[in-house]
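Student: The amino acid sequence is not available; the structure is as follows:
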């Protein structure tokens, strides 16, 4: 895997999720002109889909981000997910039905993977994250859901394993996303709300 491409992809994904979070907040705040932002992001995702041909990014008219991996089934993607450092548990109907150290129980659960897999990872000393893989209604696709808090989030690492298999062109996805705005971390919006209590003139976005 090309290290430069990986570094760029990780930054692109963090920017994308921040933009998505910003749009969600703006929708709750009923910000005027939001649909224009959504249209711009859709065009950027079209460029991303042309660049990274083994993944698919979509944004609904309501501004909801969806990501799919082009793969035969959930189990295939799970096997790739197992290569990401820090796997601790697996569930097929809920989180952590079996832990990795439960050798027989874990192996038995792997055999049950069909429509969904909840893959848990250890993060740092006490942190954890979960990546949800689900069978898509569209043939040859597996959806992936996670909430990244850093570029090395297991979900981003797993996505990169597929996205960077087949890269076409050099579209500047990160620059386009940064041009949209909404690029602050979600917590920043909470801080702005607190500050607005003292300064009502502060902009929401």
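Tutor: Here it is on my side, so go on. From a predicted model like this one, the values you see are computed outputs, not experimental measurements.

Student: Next, the residue nearest to the spatial centre of the chain: phi, psi?
Tutor: Residue closest to the mean C-alpha point of the chain, counted by CA atoms, centre = their mean, is residue 146 at 5.2 Å. Note on residue 146: backbone dihedrals following degrees, to the nearest 10 are phi -170, psi 170.

Student: doesn't residue 132 make contact with it?
Tutor: Yes. Under the contact definition of CB atoms under 8 Å, residue 146 touches residue 132, with a separation of 6.9 Å. (Each C-beta comes from the backbone N, C-alpha and C, glycine too.)

Student: What's the local residue count around the nearest residue to residue 63 once chain neighbours are set aside?
Tutor: When the adjacent residues along the chain are set aside, residue 63 lies closest to residue 23, with 4.2 Å between them (CB to CB, 6 or more residues apart in numbering). When neighbours are defined as other CB atoms under 10 Å, residue 23 has 24 of them.

Student: Equivalent analysis for residue 24, please.
Tutor: If we define neighbours as other CB under 10 Å, then residue 24 has 17 of them.

Student: quick check, it in a strand?
Tutor: No. If the criterion is DSSP: H, G, I helix; E, B strand; the rest coil, then residue 24 is helix and not within a strand.

Student: give the contact list for it.
Tutor: Shown here is residue 24, whose contacts under the criterion CB atoms under 8 Å, 6 or more residues apart in numbering are 63-64.

Student: Tell me how far it lies from residue 65.
Tutor: When distance is defined by CB to CB, to the nearest Å, residue 24 is 9 Å away from residue 65.

Student: now residue 83
Tutor: In this view, residue 83 and residue 65 are 25 Å apart by CB to CB.

Student: These two: who's more crowded?
Tutor: For residue 83 against residue 65, the residue with the higher neighbour count under other CB under 10 Å is residue 65, and the figures read 18 against 10.

Student: Let me know the pLDDT of the more buried one.
Tutor: Confidence at residue 65, expressed as pLDDT, is 96.

Student: partners of it in the sheet?
Tutor: residue 59 (DSSP bridges).

Student: what sits up against stretch 64-75?
Tutor: 16-17, 20, 24, 53-60, 77, 110, 113-117, 133-136, 138, 140-145, 159, 162.

Student: Now which of these would you call buried?
Tutor: Among those, those buried by neighbour count (16 or more other CB atoms under 10 Å) are 16-17, 20, 24, 55-57, 59, 77, 110, 113, 116-117, 133-136, 141-144, 159, 162.
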